[in-house]
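Chemist: Here is a sequence with its predicted model. Questions after.
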Amino acid sequence: MKQTVNALLTTCGVLASALGVGVGTTPAHAQAKTITLCWAAWDPANALVELSKDFTAKTGVGMKFEFVPWTNYADRFLNELNSHGSLCDLIIGDSQWIGGAAENGQYVKLNDFFKKEGISMDDYMPATVVGYSEWPKNSPNYWALPAMGDAVGWTYRKDWFARPEIQADFKAKYGRDLAVPKTLDELRDIAKFFQGREIDGKKVYGASIYTERGSEGITMGVSNYLYDYGFQYQDPKKPYSMDGFVNSPGAVKGLEAYKELYKCCTPPGASNSYMSEGLDAFKSGQVALQMNFFAFFPGLYKDPNVGGDKIGFFSNPAGAATQATQLGGQGISVVSYSKNQAEALQYIKWFSGGDVQKKWWALGGYSCAKSVLNDPGFPNSAPFAGEFLKSMGMVVDFWAEPSYAQLLQAEQKRVHDYVVADKGTAQEALDGLVKDWKAIFKEEGKKF
């Protein structure tokens, strides 16, 4: 994940986020130094502020936090890194930044530090190590500690599903019980069933999905269909060779299926929706289904109007080829331009501790540590925990190349033009995407 709005950057103790995340310092007391941690402004950041109080209590190192709303997150902090700024001592950076940050010398390589402190990447879920820490991918070169596991999942109106009259109507129409969808076809049927239905005197709609054009939204959404229908970024045996993988017959069908869902079953005015729009649609009772990242699910479960017994959660259903989902989440890195690297590394060591990771999950963060996720009690530790664990075992991520921003912009345009703007065919969109990506990699000197 990675987006950005005009940053509401303020001084200590001021709440500055559309999602209510605090930006400030830990309570003032005698401290040798204070370090600044940079991240997005959202509910997990609130949890990290609370968690980090323990770090200050243990070490005497103070904490400041620079939290920026998602829609300005990438612009704000990539500009900071590219300008060699020293604002951030620690940064929880997006998974796609890792290649550029490593090759441009913006992150401290952590291999020697991990070895010295006995921090093993074997203690973290494999997908999070590859996604958040490694560059090059699948090599033992680490630039971050997995910090915030995340993936795209779904919420649904469990209370609507349970109503006898709705159950009866659905079974009469589709010949099966209304239940959590196991396939994307079943999900489409459910969305169609609810589209335009009247519930409690209010017209409702099928699903809120990602369609946003400006940053990464529609790519993060359509990926959950492309992967399930057989899309691959490249030939596994020949890096950067994309013909027949990005634009395979299966990938074309996946893109067509995503457009079908958008056209049949979304609320009016849903042509530029991403995380916040999905939350609004679900919280206001507009939709039966919502695509969004697991990081938002704790807050939704606590919502007085649609949470508790009214909400249910499920992982991305299977498609024609496989079952997969888009990776979200981030690792935590030490910025190479920091003047407080020793203290920043001290925080990394503390954060990696088993007890800290358990508390991180309990407070609303998403631990990547096996000691937390593989605990026998984890699936029952929260209503969405089991689905999150399942999702983290089938995640796929976008390119993490230094040119990822250009690669992303190309997909955003091609996919949005087809799905939302009705330009051309799915085959033409993916053929064009291969052409765009080849040009970008050729400019970088990649061979394929």
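Modeler: Looks like it arrived, so ask away.
Chemist: where's Ala207 relative to Ser248, distance?
Modeler: 25 Å (C-beta to C-beta, to the nearest Å). All C-beta spots, glycine's among them, are computed from the backbone N, C-alpha and C.
Chemist: Who has more neighbours out of the two?
Modeler: Ala207 (28 against 19; other C-beta atoms under 10 Å).
Chemist: what's the more buried one sitting at in phi/psi?
Modeler: Dihedral pair for Ala207: phi -150, psi 150, per degrees, to the nearest 10.
Chemist: Pretty sure it sits against Asp189.
Modeler: No: look at Ala207 against Asp189 with C-beta atoms under 8 Å: they stay out of range, at 11.3 Å.
Chemist: anything in contact with each of the two?
Modeler: Applying C-beta atoms under 8 Å, 6 or more residues apart in numbering, one finds that no residue jointly contacts Ala207 and Asp189.
Chemist: pull the longest helix from this structure.
Modeler: In the chain, taking DSSP state H as the definition, the longest helix is helix 426-444.
Chemist: Only C-alpha atoms, please: export that helix in PDB.
Modeler: C-alpha atoms of helix 426-444 as PDB (Å, rounded to 0.1, in the frame of the first residue of the first chain):
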ATOM      1  CA  ALA A 426      -9.200  -6.500 -21.500                       C
ATOM      2  CA  GLN A 427      -6.800  -8.100 -24.000                       C
ATOM      3  CA  GLU A 428      -5.800  -4.700 -25.400                       C
ATOM      4  CA  ALA A 429      -5.400  -3.400 -21.900                       C
ATOM      5  CA  LEU A 430      -3.000  -6.100 -20.800                       C
ATOM      6  CA  ASP A 431      -1.100  -6.200 -24.100                       C
ATOM      7  CA  GLY A 432      -0.600  -2.400 -23.700                       C
ATOM      8  CA  LEU A 433       0.600  -3.000 -20.100                       C
ATOM      9  CA  VAL A 434       3.200  -5.400 -21.300                       C
ATOM     10  CA  LYS A 435       4.300  -2.900 -23.900                       C
ATOM     11  CA  ASP A 436       4.500  -0.200 -21.200                       C
ATOM     12  CA  TRP A 437       6.400  -2.300 -18.700                       C
ATOM     13  CA  LYS A 438       8.900  -3.500 -21.400                       C
ATOM     14  CA  ALA A 439       9.700   0.100 -22.200                       C
ATOM     15  CA  ILE A 440      10.300   1.000 -18.600                       C
ATOM     16  CA  PHE A 441      12.600  -2.000 -18.000                       C
ATOM     17  CA  LYS A 442      14.400  -1.400 -21.300                       C
ATOM     18  CA  GLU A 443      15.100   2.200 -20.100                       C
ATOM     19  CA  GLU A 444      16.600   0.600 -16.900                       C
END
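Chemist: Relative to Ala32, how far out is Leu51?
Modeler: Distance from Leu51 to Ala32, by C-beta to C-beta: 20 Å.
Chemist: More neighbours: which of those two?
Modeler: Leu51 (20 against 9).
Chemist: and that one, what are its phi and psi?
Modeler: phi -60, psi -40.
Chemist: again with Tyr205
Modeler: According to degrees, to the nearest 10, Tyr205 has phi -130, psi 170.
Chemist: Then Pro376?
Modeler: Torsion angles, degrees, to the nearest 10, at Pro376: phi -60, psi -30.
Chemist: Quick one: residues contacting it.
Modeler: Pro376 touches nothing, counting by C-beta under 8 Å, 6+ apart.
Chemist: and what of the one 3 residues further on?
Modeler: Under the criterion of C-beta under 8 Å, 6+ apart, the contact list for Pro379 reads 385-386, 389.
Chemist: quick one: the strands in the stretch 251-400 of the chain?
Modeler: For the stretch 251-400 of the chain, the strands defined by DSSP state E, counting those that start in this stretch occupy 287-293, 311-315, 325-326, 330-334, 395-396.
Chemist: need those in JSON lines with mean neighbour count, mean pLDDT and distance to Tyr301, can you?
Modeler: Formatted as JSON lines, the strands of the stretch 251-400 of the chain follow (neighbours: other C-beta atoms under 10 Å; pLDDT from 0 to 100; distance: least, C-beta to C-beta, whole Å):
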{"stretch": "strand 287-293", "mean neighbour count": "25", "mean pLDDT": "98", "distance to Tyr301": "13"}
{"stretch": "strand 311-315", "mean neighbour count": "21", "mean pLDDT": "98", "distance to Tyr301": "6"}
{"stretch": "strand 325-326", "mean neighbour count": "26", "mean pLDDT": "98", "distance to Tyr301": "19"}
{"stretch": "strand 330-334", "mean neighbour count": "27", "mean pLDDT": "98", "distance to Tyr301": "22"}
{"stretch": "strand 395-396", "mean neighbour count": "22", "mean pLDDT": "97", "distance to Tyr301": "22"}
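Chemist: These: which one's closest to Thr266?
Modeler: Between Thr266 and these, the shortest gap by C-beta to C-beta is with strand 287-293, which sits at 8.0 Å.
Chemist: what about Lys302, neighbour count?
Modeler: Counted with other C-beta under 10 Å, Lys302 comes out at 12.
Chemist: ok, back up a step: give me the contact list for the longest helix of the chain.
Modeler: 240, 242-243, 246-247, 251-253, 255-256, 259, 401-403, 406-407, 410-411, 414-415, 417-418, 424, 448.
Chemist: now do stretch 219-228
Modeler: 1, 152, 184, 209-211, 231, 251, 254-255, 257-258, 261, 274, 291, 316-326, 328, 396, 398, 408, 411-412, 415, 419.
Chemist: Among these, name the ones in helices.
Modeler: Going by DSSP H, the helices hold 184, 251, 254-255, 257-258, 261, 408, 411-412, 415, 419 from the contacts of stretch 219-228.
Chemist: Just give me the closest of these to Gly99.
Modeler: So of the ones in helices among the contacts of stretch 219-228, ranked by how close each gets to Gly99 (C-beta to C-beta), first place is Leu408, at 12.6 Å.
Chemist: Any figure for the gap between that closest one and Phe384?
Modeler: For Leu408 relative to Phe384 (C-beta to C-beta), the value is 27 Å.
Chemist: Settle it for me: which of these two has more neighbours?
Modeler: Phe384 (22 against 19).
Chemist: Next one: that one from Thr183, what distance?
Modeler: Taken as C-beta to C-beta, the span from Phe384 to Thr183 is 20 Å.
Chemist: Neighbours of Glu277, how many?
Modeler: Around Glu277 there are 21 residues (other C-beta under 10 Å).
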